[in-house]
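Undergrad: Sequence and predicted structure, then a few things I'm wondering about:
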Amino acid sequence: MSRRQSHAGTVGIIAFLTAVFMLAGSVVALADDASKFVPGTKINGVLVGGMTVEEAKVQIEGFYGREYQLTIKERGGASEVIKGSEIQYQVVITDGLQNILAQQNSNGRVAGPDIDNSSVLKSTVTYQEEKLKERLDSLACVSSKDIVVTQNARISAWQEGQPFTVIAEVQGNSVNRRKLDEVVKAALTQENRQISLEEKNCYDTVTVTSTDSELTARCAALNQIRDMKVTYLFGSQSEVLTGEQLCTWIDGADQAGIHINGTKAAEYIQSLAGKYDTAGKARAFKATDGRNLSLSGAYGWRMNQEAETQALIAMIKTGQSQERTPQYSLAAADRNVDWGSTYVEADMAAQHVYLYQNGSIVWDSPCVTGNVSKKLTTPEGIYTLAYKQTDRVLRGDKKPDGTYEYESHVDYWMPFNGGIGFHDASWRSKFGGTIYQTGGSHGCINLPPQKAKALYGLIYTGIPVICHY
């Protein structure tokens, strides 16, 4: 080696050592500056060594505002990145920097590669929720055309003419969006830089397979409904509700059971009531004199729609075919002919009353009905006997002086329409004819005393009473 070369090497070594000593001196100087963090200080993942508290705050917040990004690791090795700038991500250090600096100073400001000078401070994280939603919507793991949606085994939807079947499960690669939102928001709040969807259980998984015993049992129960029928009986008439129709009422089946659409069941019961209820409706009546009349009245059949709807829903869930007589809130004597074959007929045009038992007249009598001239005409209609009572005083409206418009003692009182009823009228010597037109009653049907006594012994509470002209 030449002397010149040896001299050059010596000069280089001296220069290097000089630089090292100068750097060491500056590091020592930095480490000794109590207003600045020691070299290597890392707060919330950001290097702030050699910075004052104010400078460190700006550095940390600026880093997250400019450079932060969240890497999302996906199944199969793929990954996607959400940049902080895309969602207006910001981190604000609210407190604690001064405490970290004070701790470093109280510990002797120790620095170096073997010293851990990293800290994590609580901070306030903000971002735009709507922008985050848009960004998550755009992720390939959410919106890619290659996504296969994971599906549990399920029961097929109703198809006319087809039985219910179990559709096998599908294990796909779809991400649970609710879980993804939860995991990503947690990572953003914690200022994390990376998450794994696999580790965080963000992928949908099959929880019900085609061999699930509860699922197969529900499918069998649905097919029972498909095969059943409910026959509603209305005397000699009937209505059949088929399983095919019932299946269109099914809203679903789960662990809680089979869910029947209550509105559809109620509409069906309402349609039956509209067709078969008779109370308040006009009905055909054949009078004793052979005339065919149309009469209405409160007496008759009225279905209890609310109770019957609930009963029908319960029946459907059993899957068992059955015949059914509906529940009624009002009932008549006979489902085919409301008054049946035992009833009282008051022919007010003929001023005559008849009692039928099992289709035969067993009692009859002339009568006097309400005074037509005084507009006290006895109303026609289909009624039922409310009760019967002996030794009764019938009174009219009370007058201002405390007396009544009239007071009449009767031995036999048989009301069927509010204050209107059959009773004896001992004050009359004649009955029938045209007496009622000008000399009639206050609305009741007057009978000869002995006839009233006989009728009283024959009729009962609830017997139909049919009044007509």
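TA: Sure, I can see it.
Undergrad: Give the next helix or strand downstream of the longest strand along the chain.
TA: When the chain is scanned for its longest strand (criterion: DSSP state E), the result is strand 407-417. From strand 407-417 onward toward the C-terminus, using DSSP states H and E, the following helix or strand is strand 420-424.
Undergrad: List the pairing partners of that following strand within its sheet, with orientation.
TA: strand 407-417 (antiparallel), strand 445-447 (parallel) (DSSP bridges).
Undergrad: Out of those strands, flag the one nearest residue 460.
TA: Go through these one by one with C-beta to C-beta and the one that ends up closest to residue 460 is strand 407-417, at 10.0 Å. Placement of C-beta: from N, CA and C, glycine included.
Undergrad: Pull out the buried residues from that closest one.
TA: When burial is assessed from 16 or more other C-beta atoms under 10 Å, strand 407-417 yields the following buried residues: 408, 410, 412, 413, 414, 415, 416, 417.
Undergrad: what's the pLDDT at the nearest residue to the fifth one once chain neighbours are set aside?
TA: Going back to what we said before, that points to residue 414. Computed as C-beta to C-beta, 6 or more residues apart in numbering, the closest residue to residue 414 that is not its neighbour in sequence is residue 422, at 4.2 Å. If you check residue 422, the pLDDT there is 98.
Undergrad: Now for residue 422: which residues touch it?
TA: Each residue near residue 422 by C-beta atoms under 8 Å, 6 or more residues apart in numbering is listed here: 344, 353, 412, 414, 416, 444, 445, 447, 452, 455.
Undergrad: Closest to residue 81 out of these?
TA: The nearest one, if we look at these relative to residue 81 and count by C-beta to C-beta, is residue 416, at 88.5 Å.
Undergrad: ranges for the helices of this protein?
TA: According to DSSP state H, the chain carries its helices in the segments 3-32, 53-66, 97-106, 129-138, 140-143, 177-189, 213-227, 243-247, 262-276, 305-318, 435-439, 449-458.
Undergrad: Give me the helices and strands touching the second one, please.
TA: What it means is helix 53-66. Secondary-structure packing of helix 53-66 (3 or more C-beta pairs under 8 Å, 6 or more residues apart in numbering; DSSP states H and E): strand 46-47, strand 90-93, helix 97-106.
Undergrad: List the buried residues of stretch 212-230.
TA: Buried residues in stretch 212-230, counted by 16+ other C-beta under 10 Å: 215, 218, 219, 221, 222, 223, 224, 225, 226, 228, 230.
Undergrad: now these in TSV, with pLDDT?
TA: Shown next, in TSV, are the buried residues of stretch 212-230 (pLDDT from 0 to 100):
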residue	pLDDT
215	96
218	95
219	96
221	96
222	97
223	97
224	97
225	97
226	96
228	97
230	98
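Undergrad: Turn those residues into CSV, columns for distance to residue 466.
TA: What follows is those, written out as CSV (distance: C-beta to C-beta, whole Å):
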residue, distance to residue 466
215, 59
218, 54
219, 55
221, 49
222, 50
223, 50
224, 47
225, 44
226, 47
228, 41
230, 34
